[in-house]
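>>> output the structure for:
(one chain, ligands or ions: 1)
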Amino acid sequence: MNWTAVTVTTTNEAVEAVSNILMEHGASGVQIDDEKDYEQLSQVDWGKKGEILNVDEIPHVKNGAKITAYFPATIFVPEIIPAIKHQVEGLKAFGLAVAPAEVTTDKVDETNWATEWQKYYHPVQVTRFLTVVPSWEDYQPKTKDERIIRLDPGMAFGTGTHPTTKLSMQALELVIHGGESMIDVGTGSGVLSITAKQLGAGDIRAYDLDQVAVDSAKKNLALNPVAADITVAANNLLTGIQGEADIIVANILPDVILPLIPQAWGLLPVHGYFITSGIITEKLDQVLDAQRKQGFKILQTLNMGDWYGVIAQRPGADD
Ligand SMILES: C[S@@+](CC[C@H](N)C(=O)[O-])C[C@H]1O[C@@H](n2cnc3c(N)ncnc32)[C@H](O)[C@@H]1O
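Reported below is the predicted structural model:
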């Protein structure tokens, strides 16, 4: 059988996450070449232990890490490379340094990547009610309850495939009953704003620090008639934003959620919901503590793999 090797050059801290990405795409195994492993080896006095190895003579990376994944011939590698690149870059949004994040392949024809990558994105049924559909797919709801969020994934984060987006969508489904106003902080592709509209939310304002995301969100809103009245603008968190909203949602880095907590408190009415996601296991307690300290009541935590989402509420006097 012919195999194709895909190598990602990255940092030590991203090794596990990048390996997971490659395995999820169907790699039959990964080989990790991490400079850190050799640092450990070089501390050993090889002579005294009776070893004959000299670490300097073993070929290895001197900076960061290289992860090589092997794909069988049954997987058409050019089709998955854009998604791998996109997901490795996406790890930055969760605080992992990934640079240089180079993805190279052995014996792969790259000429058709520009269009081939579209084959990777397919409709993702996130919940019973919510399905994210790439803009080029001709997809019809399979049941009368199914609502469609149409997206051109482009460069912005939020294709509906990442657990943190899914957790946010699930949380929105739990709290939206109809007519609520909402602010979407770090809107990315606009996926959560469109989701909220499909669930019946009222007035929605979406913000992102990154102009590329703002432009991408605008394009995606235009693909979804239900989202026609959502406003999108560039903004740093909720700085300078006025006017209450019944729901504030943010799928963003834990370190960015922390300064957002007092801002969200200031814009939520009593019984308003604060939904946060993008929280890795190690940071969950810190985020929950900070929300409780602010006065929020934690209603629910949602979990998928290593990721958490939180539904908090601004309590009333008798709660
Ligand atoms: C993990 S993505 C979430 C995208 C989308 N909301 C979703 O759930 O899939 C986080 C987004 O937050 C944006 N962001 C990061 N820091 C921000 C800040 N200080 N203010 C506003 N947006 C920010 C990023 O540009 C990125 O688009």
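>>> confirm residue 277 sits in a strand?
Yes. Counting by DSSP: H, G, I helix; E, B strand; the rest coil, residue 277 is part of a strand.
>>> what is the burial count for it?
Counted with other CB atoms under 10 Å, the neighbours of residue 277 add up to 28. Bear in mind the C-beta positions are built from the backbone N, C-alpha and C, glycine included.
>>> check the one 4 residues further on too.
Other residues within reach of residue 281, judged by other CB under 10 Å, total 11.
>>> can you check residue 219 too?
15.
>>> not counting sequence-adjacent ones, nearest residue to it?
residue 152 (6.3 Å; CB to CB, 6 or more residues apart in numbering).
>>> for that neighbour, list the residues it contacts.
For residue 152, the contacting residues are 134, 135, 136, 216, 219, 220, 223, by CB atoms under 8 Å, 6 or more residues apart in numbering.
>>> show me the contacts for the last one.
Residues touching residue 223, when contacts are defined by CB under 8 Å, 6+ apart, comprise 135, 150, 151, 152.
>>> on that earlier part again, most neighbours out of the contacts of residue 152, which is it?
Result: residue 220 is most packed of the contacts of residue 152 (other CB under 10 Å), 28 neighbours.
>>> how far away is that one from residue 95?
Residue 220 sits 25 Å away from residue 95, going by CB to CB, to the nearest Å.
>>> could you check the pLDDT of residue 263?
Predicted confidence (pLDDT) at residue 263: the value is 98.
>>> write down the beta-bridge partners of residue 304, one by one.
residue 307 (DSSP bridges).
>>> any idea how far residue 126 is from it?
Taken as CB to CB, the span from residue 304 to residue 126 is 11 Å.
>>> between these two, what contacts are shared?
Overlap of the contact sets of residue 304 and residue 126 (by CB under 8 Å, 6+ apart) consists of residue 166.
>>> can you list the domains in the protein?
3-119, 121-313 (automatic domain parsing).
>>> those residues of the stretch 1-150 of the chain touching the ligand, which are they?
Listed as neighbours of the ligand in the stretch 1-150 of the chain under the rule CB under 6 Å from any ligand atom: residue 93.
>>> so where's the stretch 1-150 of the chain uncertain?
Judged by pLDDT under 70, the stretch 1-150 of the chain has its weakly predicted residues at 1-2, 28, 37-62, 72-74, 107-121.
>>> find the closest residue to the ligand in it.
residue 93 (4.1 Å; CB to the nearest ligand atom).
>>> so what's residue 303 up against?
Contacts of residue 303 by CB under 8 Å, 6+ apart are 167, 309.
>>> please apply the same query to residue 244.
Taking CB under 8 Å, 6+ apart, we find residue 244 in contact with 181, 267, 268, 269, 272.
>>> and of the residues you listed, the nearest to the ligand?
Closest to the ligand, out of all of those and judged by CB to the nearest ligand atom, is residue 267, at 14.3 Å.
>>> what pairs with the helix or strand residue 31 falls within, parallel or antiparallel?
Secondary structure assignment for residue 31, by DSSP states H and E: strand 29-34. Note on strand 29-34: by DSSP bridges, its sheet partners are strand 65-72 (antiparallel).
>>> how far does the strand it pairs with sit from its chain's centre?
Distance, stretch centre to chain centre, for strand 65-72: 22 Å (CA atoms, centre = their mean, to the nearest Å).
>>> do the same with stretch 95-105
That offset, for stretch 95-105, works out to 16 Å (CA atoms, centre = their mean).
>>> equivalent analysis for stretch 250-266, please.
Counting by CA atoms, centre = their mean, stretch 250-266 comes out at 16 Å from the chain centroid.
>>> ok, residues contacting it?
93-95, 158, 164-165, 167-168, 184-186, 188, 192, 237-239, 241, 248, 274-280, 283, 286-287, 290-291, 294-296, 309, 314.
>>> one more time with 6 Å
By CB atoms under 6 Å, 6 or more residues apart in numbering, the list of residues contacting stretch 250-266 from outside reads 95, 164, 168, 185-186, 237-238, 248, 274, 276-279, 283, 287, 290-291, 294.
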